[in-house]
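Novice: Okay, sequence plus prediction incoming.
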Amino acid sequence: MIESIDRDALMHHRLQAWLRENKCDDIEYLGFIPDSIGINRHFYRIGKHNVSVDCIEGLELVDD
């Protein structure tokens, strides 16, 4: 039986892989912490914002 990974876990793993391979001051993993309603989620700092992984829709590289 194959177990499937949920969308939030998949996005977390994608972000972790990207952070291992790239240097970026705008993205930082903050940890697995409770959100505003008490559910533990993976949080990232993106720019000046703290965002839970369920609010991140994808990764897109943008040239300056």
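Specialist: Yes, it's here. Numbers count the residues shown, from 1 in each chain.
Novice: Wait, D26 touches K48, no?
Specialist: No - between D26 and K48 there is no contact under C-beta atoms under 8 Å: 9.2 Å. In this view, the C-beta of every residue, glycine as well, is placed from N, C-alpha and C.
Novice: which residues touch K48?
Specialist: Contacts for K48 (C-beta atoms under 8 Å, 6 or more residues apart in numbering) come out as none.
Novice: so how far is G58 from it?
Specialist: From K48 across to G58, the span is 20 Å (C-beta to C-beta, to the nearest Å).
Novice: Looking at stretch 32-46 now, give me its mean pLDDT.
Specialist: Taken as a whole, stretch 32-46 carries a mean pLDDT of 96.
Novice: Show me what the helix or strand hosting H13 is packed up against.
Specialist: Assigned by DSSP states H and E, H13 belongs to helix 7-21. Helix 7-21 is packed against strand 27-34, strand 40-46, with contacts defined by 3 or more C-beta pairs under 8 Å, 6 or more residues apart in numbering; DSSP states H and E.
Novice: buried residues in it?
Specialist: Neighbour counts using 16 or more other C-beta atoms under 10 Å place M11, H12, L15 of helix 7-21 among the buried residues.
Novice: again, but for stretch 31-40
Specialist: Buried-residue list, stretch 31-40, by 16+ other C-beta under 10 Å: empty.
Novice: how far out from the middle of the chain is that stretch?
Specialist: Distance, stretch centre to chain centre, for stretch 31-40: 13 Å (C-alpha atoms, centre = their mean, to the nearest Å).
Novice: repeat for stretch 43-61
Specialist: Distance, centroid of stretch 43-61 to centroid of chain: 6 Å (C-alpha atoms, centre = their mean).
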